[in-house]
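> Here is a sequence with its predicted model. Questions after.
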Amino acid sequence: MVSIKIDPSLQTIIPNLKMGIIQYHHIEIADSPQMLKGRLQFFQETLQVEFATKPIADVVGVAEWRRAFKALHIDPNRYRPSNEALLRRIKKGNFLPFIHSAVDLNTFFSLQYEIPIGIYDLSMIDNDITIRLGQSGEEYNGINGRINQLKGKLISADKKGPFGSPIVDSNQAKVTENTTSALHIFYLRPSMELAEAKQLIQAAAEMFTHIHGGVSSKQIIHINGVVEKW
């Protein structure tokens, strides 16, 4: 089991910060099944129609993570939470390309739950992970094809350094069709009640293993150090 903690220095900034964590083992990633492709395509079409008349800023998950970014002194107009960036692409009609089953399902979850979510290859990550703010000089090559400077941004890091964030993830730990163990990090809305958070994580784990097989372990990590596993 990977050990994950949230840097306690963030508690005074976002007192209710919590993360949903799922670890998967013995999974098989491949081209997305038609069921998933169809649901993701239809969902994007529905959202495009919805946001023709509704501001994206009115989405609860977008608004809450924008407030969290501001509290962390991250400009959300310059560095958008990834769930907001997805919605803005869809609103413009730039529907997301299908990659493979794990990435496509991760996109579906982010749109459905209105939160940033990252998924990573566990074989590329050390066992001790901290959610913290990036330090001066930290950077990585992102899946956006650019070198991303991480100072002051919320990141996930192991002993080797940062590998993910709610803005854009790194290439180093991305899942591929060769991945057999993966780590899912859900940046839950800080205001979300525990019962709702556990229900969300449970549903996501069940859908992921339904498509990919394997087994999952689940936990909610609180900023105060409390970890709830099931």
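In hand now; what should we look at? Residues are numbered from 1 along each chain as shown.

> Surely residue 19 is within a strand?
Yes: judged by DSSP: H, G, I helix; E, B strand; the rest coil, residue 19 forms part of a strand.

> does the residue nearest to it when sequence neighbours are not counted sit in a helix or strand, and which one?
With sequence-adjacent residues excluded and distances taken as CB to CB, 6 or more residues apart in numbering, residue 19 is closest to residue 221, at 4.7 Å. The C-beta positions use only the backbone N, C-alpha and C, and glycine is treated the same way. Assessed by DSSP states H and E, residue 221 sits inside strand 215-222.

> Check which residues of that strand are buried.
216, 218, 219, 220, 221, 222 (16 or more other CB atoms under 10 Å).

> Same question for stretch 26-44.
27, 29, 32, 36, 39, 40, 44.

> residues contacting the second one?
Just to be clear, that refers to residue 29. By CB atoms under 8 Å, 6 or more residues apart in numbering, the contact set of residue 29 is 100, 101, 102, 175, 176, 177, 178, 179, 212.

> how about it, secondary structure?
Residue 29 ends up coil, using three-state DSSP.

> What's the per-residue pLDDT of it here?
Each residue has a pLDDT score; the one for residue 29 is 98.

> The residue nearest to residue 19 contacts residue 18, doesn't it?
Yes: using CB atoms under 8 Å, residue 221 is in contact with residue 18, at 6.3 Å.

> Now the common contact residues for the two.
With CB under 8 Å, 6+ apart, residue 221 and residue 18 have common neighbours residue 6.

> Which residues outside the top helix by length along the chain are in contact with it?
Determined from DSSP state H, the single longest helix within the chain is helix 194-212. Here helix 194-212 makes contact (CB under 8 Å, 6+ apart) with 18, 20-22, 24, 27-29, 33, 36, 101-102, 105, 109, 113, 184, 186, 188, 192, 215-216, 218, 220, 228, 230.

> quick one: buried residues of it?
197, 198, 200, 201, 204, 205, 208, 209, 211, 212.
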